[in-house]
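Chemist: mind folding the following:
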Amino acid sequence: MDEVAVIEDPAAAEVALDPVRARLLAALVEPGSAAALAAVVGLPRQKVNYHLRALERHGLVELAEERRRGNVVERVMRATAAEFVISPAALAAVAPDPRRRPDQLSARWLVALAARTVREVGRLIAGANAAGKPLATYAADAEVTFASAADRAAFATELQAAVADLVRRYHSADAPGGRKHRFFAGLHPAITRDFPTHPENSNPEQEN
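Modeler: Okay, the predicted model is just below:
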């Protein structure tokens, strides 16, 4: 079982988003049979089998083992990954493109960069898993509380300068055998409360 799988196929995304099938995926982090899962989701075993076949067709679950119980062979299934993420590639026609109107102060551009990260890293994970090789990645995560908007702006300016300096020092465009990597850093207000789905006059930054 993979740690995480990124779903690119629109049909597979549709299957995974079904509430019952999503519950089955969550339950199948540990192998289970249709009979055992029926009690979890509160559906007849035949109905669970129907959902499991749909998940299996799209590579979201797989056969873990077969158990013979008298004249019946029981199929024990498991999820193909512990966690699933739906890639923006599943909505390719409307997926955000960071090449369109790049703007370091734009929330839309931040979302577009994050979407590209999910899409590209998902494909890298799939390729590394297929090749049986590790994938070299690095991520940093921190939460910063700024005393003022001026401090936040100063932080962004210093971060930009530091990144530019590091890129200048380590970027070797013509290095023989060099491998291109993509670096991404983002900053946004931390979410400290739930916001309404359709706020009338809501400003998350002011309400935090």
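Chemist: for the protein, give the helix that spans the most residues.
Modeler: In the chain, with assignment by DSSP state H, the single longest helix is helix 107-131.
Chemist: helix/strand/coil for the most centrally placed residue in the chain?
Modeler: Centroid check for the chain by C-alpha atoms, centre = their mean gives Val85 as the closest residue, at 3.3 Å. At Val85, secondary structure determined by DSSP: H, G, I helix; E, B strand; the rest coil is strand.
Chemist: what of Val6?
Modeler: Assignment for Val6 (three-state DSSP): strand.
Chemist: identify the residues contacting it.
Modeler: Phe84, Val85, Ile86, Ser87, Val118, Arg119, Val121, Gly122, Arg123, Ile125, Ala126 (C-beta atoms under 8 Å, 6 or more residues apart in numbering). In short, each C-beta sits where N, CA and C put it, glycine included.
Chemist: so the chain: which segments form each domain?
Modeler: 2-84, 138-208 (automatic domain parsing).
Chemist: among the ones you listed, which is nearest Ala107?
Modeler: domain 138-208 (7.3 Å; C-beta to C-beta).
Chemist: ok so, going back, ok, then the element right after the longest helix of the chain?
Modeler: helix 149-170 (DSSP states H and E).
Chemist: I figured Ala16 hits Val61, correct?
Modeler: No. Checked against C-beta atoms under 8 Å, the pair Ala16 and Val61 is beyond contact range at 10.4 Å.
Chemist: give me the common contacts of these two.
Modeler: Joint contacts of Ala16 and Val61 (C-beta under 8 Å, 6+ apart) are Leu25, Leu55.
Chemist: what comes into contact with the longest helix of the chain?
Modeler: With C-beta under 8 Å, 6+ apart as the criterion, helix 107-131 contacts 2, 4-6, 8, 85, 87-89, 95-98, 100-103, 134-135, 137, 182, 184, 186, 188.
Chemist: repeat that with 6 Å
Modeler: Val6, Ser87, Pro88, Ala89, Pro96, Pro98, Pro102, Asp103, Leu135, Phe184, Gly186 (C-beta atoms under 6 Å, 6 or more residues apart in numbering).
Chemist: just these: which are in strands?
Modeler: Counted as lying in strands by DSSP state E, out of those, are Val6.
Chemist: taking the contacts of helix 107-131 together, which two end up most distant?
Modeler: Top of the distance list for these (C-beta to C-beta): Asp103 and Leu135, 30.2 Å.
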